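[1] Attaching a predicted model along with its sequence, questions to come.
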Amino acid sequence: MESIGRTLMLGGIILFLVGGGIYLSVKLGLPLGRLPGDIRIEGENGVFYFPLVSSILVSVVLTVVINIILRSLEK
């Protein structure tokens, strides 16, 4: 049960940090979700939206940040 508690707390911290990052990106005016290359198709009955470039950008940034953190913990 202790490992489940740790996992839930870690998940909560990660969700909190992601939510804070999204909140700050909106407040700072970052155009995530509106970058060139994000796909948006509007039809009569609905809208299809896929933020392709925004997803790639977030993935690259998170990869760099996680690598920096892991390398600093190894020393």
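    Sure, I can see it.
[2] Helix or strand next in line after the helix or strand containing residue 9, which one?
    Using DSSP states H and E, residue 9 sits within helix 2-27. Per DSSP H and E, the first helix or strand lying C-terminal to helix 2-27 is strand 39-42.
[3] Domain map for this structure?
    1-30, 31-75 (automatic domain parsing).
[4] want to throw the ones you listed into TSV with mean neighbour count and mean pLDDT?
    Yep, even glycine has a C-beta here, placed from its N, CA and C like the rest. Listed next are the domains of the chain as TSV, based on neighbours: other Cβ atoms under 10 Å; pLDDT from 0 to 100:
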stretch	mean neighbour count	mean pLDDT
domain 1-30	10	88
domain 31-75	11	90
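[5] how much space between the residue of the chain most remote from its centre and residue 50?
    Relative to the centre of the chain, and counting by Cα atoms, centre = their mean, the farthest-placed residue is residue 44 at 30.4 Å. Separation of residue 44 from residue 50 (Cβ to Cβ, to the nearest Å): 19 Å.
[6] and what of residue 28?
    24 Å.
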